[in-house]
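>>> below are the sequence and a predicted model; questions follow.
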Amino acid sequence: MKTELLIDMLAQGAGPAPRAAVARRLLPVALAGLVVSTLLALWVIGPLPAVMFQTPAPWIKLAYTVSLAVAAAVLTARLARPIARLQAPRTAVRVVIGVMAAGGAALLAAAPPGERLEAVLGQSWLVCPWLLMALSLPTLAGILWALRRLAPTRLQEAGFASGLLAGSLGAIGYSLACPESSATFVAIWYTAGILLTGCVGGWLGGRVLRW
């Protein structure tokens with residue numbers, strides 16, 4: 001049988017592909033994960049005092065985590081399809097992380113020498129990345145579940161991108177409870193927690209996304 005004839009037979013009656021199928025799968029899961037992560041963070045740690053929002057610290061954290069979540073969401077959505085252009089969202093993820101790293105490094109260099117260790121370690125460096133990852137795992141599970149109903153072909157990369165998205169959403173919720181105010185701390189330890197979640201997602205992706 002000729003290939004063209006086989007394609008015609010398979011396509012008969014298929015109808016148009018559903019519009020925005022990826023967004024309809026991922027968006028509700030991502031929003032639910034954001035709500036769950038935020039509620040868990042506020043329950044486990046407690047909300048930031050309102051006076052903190054009169055300083056730049058929480059807004060820097062939110063700007064970073066929201067920007068990374070958007071970039072990771074686009075990358076995850078692209079990887080949910082068999083053929084998609086990935087260069088732009090990959091670059092966006094790197095740029096967001098790079099800008100935060102550069103800002104944290106610049107602020108660290110400008111800090112008095114006696115305050116630099118405090119800027120790097122804060123009060124919670126030992127627990128921050130692990131707690132952030134733990135807050136993100138329910139979201140990661142939901143995103144991977146949604147991806148199983150789509151058509152990813154780069155399974156590990158799709159899992160890693162899912163982890164980045166889940167970690168960024170978890171970091172948004174965590175930032176509303178985390179008392180750390182150093183941008184250097186955020187650049188190091190928030191990023192570490194998000195990347196840890198990405199690694200968990202990459203490991204799971206090669207196992208649970210097979211179809």
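Looks like it came in fine.
>>> just checking, V120 touches T184?
Yes. With contact defined as C-beta atoms under 8 Å, V120 and T184 form a contacting pair (5.7 Å). Placement of C-beta: from N, CA and C, glycine included.
>>> tell me the phi and psi of the most centrally placed residue in the chain?
Note on the chain: the residue nearest the mean C-alpha position is L165, at 2.2 Å, using C-alpha atoms, centre = their mean. Backbone torsions of L165, given as degrees, to the nearest 10, read phi -60, psi -50.
>>> got a pLDDT number for A11?
With respect to pLDDT, A11 has a value of 46.
>>> brain fart, P18
For P18, the predicted pLDDT is 52.
>>> OK, contacts around L169?
Applying C-beta atoms under 8 Å, 6 or more residues apart in numbering to L169 gives the contacts 30, 33-34, 37, 65, 69, 136, 139.
>>> before we move on, the earlier item: settle it for me: which of V120 and T184 has more neighbours?
T184 (24 against 17; other C-beta atoms under 10 Å).
>>> what helix or strand is that one on?
helix 183-185 (DSSP states H and E).
>>> what do you get for L140?
Here L140 is assigned to helix 128-148, by DSSP H and E.
>>> in that helix, what's buried?
Using 16 or more other C-beta atoms under 10 Å as the test for burial, helix 128-148 gives 128-129, 131-144, 146-147.
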